[in-house]
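Engineer: need the 3D shape of this:
(chains A and B)
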Protein chains: 2
Amino acid sequence: MKLLDGGRAPNPRRVRIFLAEKGIEVPVETIDIGRKEHYSDAFLRLNPMRRLPVLVLDDGTPICETMAICRYFEALQPEPSLFGRDAREIATIEMWNRRMELDLLLLVASVFRHSHPAMAELEVPQIGALAEASRGRVPAILKWLDTELRERDFIAGEDFSVADITGLVAIDFMKPARLEVPEELAALRAWHERVKARPSAAA
Amino acid sequence: MKLLDGGRAPNPRRVRIFLAEKGIEVPVETIDIGRKEHYSDAFLRLNPMRRLPVLVLDDGTPICETMAICRYFEALQPEPSLFGRDAREIATIEMWNRRMELDLLLLVASVFRHSHPAMAELEVPQIGALAEASRGRVPAILKWLDTELRERDFIAGEDFSVADITGLVAIDFMKPARLEVPEELAALRAWHERVKARPSAAA
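Structural biologist: Next up, the predicted model:
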């Protein structure tokens, strides 16, 4: 198999961190988004949605979507568990991973895509009012997350999980979106330092 | 345990269809969204995101997020499998469920929330340009889905899965969003009839 990777974008990074946490190595082929290699016919046959990363299995089957790729590896190699082991853990991690994705990462992405000059050519139309509405929702989400993280070490409980990976990537993606975590959110900042210090964060 | 249900909205319906396919009965308590019961303090303690449905476990723990609730029941009662059994099936179903959710259901929801007069009070600000941009993306997604469904009976393969539930709810949600499946997309229309005819669709 091989992993078609897209470099610095948030979703490719989520998969790389996931694999690093699992200690799994997969041959990687980098698709140059800047040169629009993900618009090529060859790539469109693998993923008509033009998104990265894509895992190509040995028989040529493409597995698209970040979370689908992560779940593929979780099923192949369950330990260390990143999606949970029993019904309650599985549900709690899924709840928090979705919140980190739908309520934080997608919000930050919406600010970035609809306001950053570098995205003007890819996000058509850029909708300034959407960027501003999304930007206005970020502080309340961060404050809530800070309150939650006063109670425990990681986002979904006492153990590191895929929800921390999504959370880390979302918080780091705030920088190019020109958003900041306020100084006073100490628990959120401490969590960020904690997950950023793991070797996987460099992946 | 009990399920806090939100009536006719797409996410509560996804969980009800899922439970019907599994043959699982759970006591239900209806939260009246029209009367803003999901803004009450008691509800906010269960889900600060103010979203339905919420599964409340016997010890009072809330499980929020539709897919987290579905995965909870899949773990408790694996058969009939709706999320897949082996790594390849799990990844393929997750890929398609996410496409149905992120690329279709959220798109239709974006049209509805940002254009329907009934949403003016809840979606602040309503962004007309976003509704129009989302509306403009729907035809290509439907056409692609039609092409895929010429090859197989269900969205993620030969068996019914959670991806079909998300797809069904998304297509049905097109009506209040004032969107239509074009007549010529025969494979998509045939699939829609097929899943709509299952007893679970009435849930």
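Engineer: next helix or strand past the lengthiest helix in chain A?
Structural biologist: With secondary structure taken from DSSP state H, chain A has its longest helix at helix A:128-149. As assigned by DSSP states H and E, the chain's next helix or strand after helix A:128-149 is helix A:162-173.
Engineer: the helix or strand just after that following helix versus helix A:128-149: what angle between them?
Structural biologist: Proceeding N to C from helix A:162-173, the next assigned helix or strand is helix A:186-196, under DSSP H and E. Put simply, helix A:186-196 runs at 90 degrees to helix A:128-149, going by axes from the mean of the first three to the mean of the last three C-alpha atoms, to 10 degrees.
Engineer: pull out the buried positions in helix A:186-196.
Structural biologist: A:188-189, A:191-192, A:195 (16 or more other C-beta atoms under 10 Å in any protein chain shown). From N, CA and C alone the C-beta is placed, and that goes for glycine too.
Engineer: ditto for stretch A:174-189
Structural biologist: Buried residues in stretch A:174-189, defined by neighbour count with 16+ other C-beta under 10 Å: A:174, A:177, A:179, A:181, A:185, A:188-189.
Engineer: go on, stretch A:110-127?
Structural biologist: Buried residues in stretch A:110-127 (16+ other C-beta under 10 Å): A:110-116, A:119, A:123, A:126-127.
Engineer: if we can go back for a sec, now the buried residues of helix A:186-196 as JSON lines including pLDDT and distance to chain B?
Structural biologist: Listed next are the buried residues of helix A:186-196 as JSON lines, based on pLDDT from 0 to 100; distance: C-beta to the nearest C-beta, whole Å:
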{"residue": "A:L188", "pLDDT": "98", "distance to chain B": "15"}
{"residue": "A:R189", "pLDDT": "98", "distance to chain B": "20"}
{"residue": "A:W191", "pLDDT": "98", "distance to chain B": "18"}
{"residue": "A:H192", "pLDDT": "98", "distance to chain B": "20"}
{"residue": "A:V195", "pLDDT": "98", "distance to chain B": "21"}
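Engineer: contacts made by the longest helix of chain A with the rest, please.
Structural biologist: A:103-104, A:107-108, A:110-111, A:113-115, A:155, A:167, A:174, A:179, A:181-182, A:185-188, A:190-191, B:48, B:125, B:127, B:129-130 (C-beta atoms under 8 Å, 6 or more residues apart in numbering or on different chains).
Engineer: please apply the same query to stretch A:35-48.
Structural biologist: A:4, A:6, A:31, A:50-52, A:54, A:56, A:62, A:64, B:144.
Engineer: averaged pLDDT, it. What do you get?
Structural biologist: When pLDDT is averaged along stretch A:35-48, the result is 90.
Engineer: which positions within that stretch qualify as buried?
Structural biologist: Neighbour-count burial for stretch A:35-48 [16+ other C-beta under 10 Å]: A:38, A:43, A:46-47.
Engineer: out of those, which sit inside strands?
Structural biologist: Counting by DSSP state E, no part of these is found in strands.
Engineer: mind putting the residues you listed in a markdown table, distance to A:R99 included?
Structural biologist: A markdown table is the format used below for the buried residues of stretch A:35-48 (distance: C-beta to C-beta, whole Å):
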| residue | distance to A:R99 |
| --- | --- |
| A:H38 | 28 |
| A:F43 | 31 |
| A:L46 | 30 |
| A:N47 | 26 |
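Engineer: restricted to helices, list these.
Structural biologist: Those of these lying in helices (DSSP H): A:43, A:46.
Engineer: show me which pair in the buried residues of stretch A:35-48 is furthest apart.
Structural biologist: The two members of the buried residues of stretch A:35-48 with the most space between them (C-beta to C-beta) are A:H38 and A:L46, at 9.4 Å.
Engineer: domain ranges for chain A?
Structural biologist: Taking automatic domain parsing as the reference, chain A has its domains at A:2-76, A:87-202.
Engineer: is it possible to export those domains to CSV including distance to B:L19?
Structural biologist: Below are the domains of chain A laid out as CSV (distance: least, C-beta to C-beta, whole Å):
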stretch, distance to B:L19
domain A:2-76, 22
domain A:87-202, 14
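Engineer: out of the ones you listed, nearest to B:E151?
Structural biologist: Of the domains of chain A, nearest to B:E151 by C-beta to C-beta is domain A:2-76, at 13.5 Å.
Engineer: roughly how far out does the closest one sit from the chain middle?
Structural biologist: 13 Å (C-alpha atoms, centre = their mean, to the nearest Å).
Engineer: stretch A:190-203 too?
Structural biologist: 14 Å.
Engineer: ends of that stretch, what's the gap?
Structural biologist: 20 Å (C-alpha to C-alpha, to the nearest Å).
Engineer: now do that stretch: everything it contacts.
Structural biologist: A:13, A:16-17, A:19-21, A:149, A:153-155, A:160, A:164-165, A:167-168, A:171-172, A:181.
Engineer: please pick the buried ones from these.
Structural biologist: For the contacts of stretch A:190-203, a burial check counting by 16+ other C-beta under 10 Å picks out A:13, A:16-17, A:19-21, A:149, A:154-155, A:160, A:164-165, A:167-168, A:171-172, A:181.
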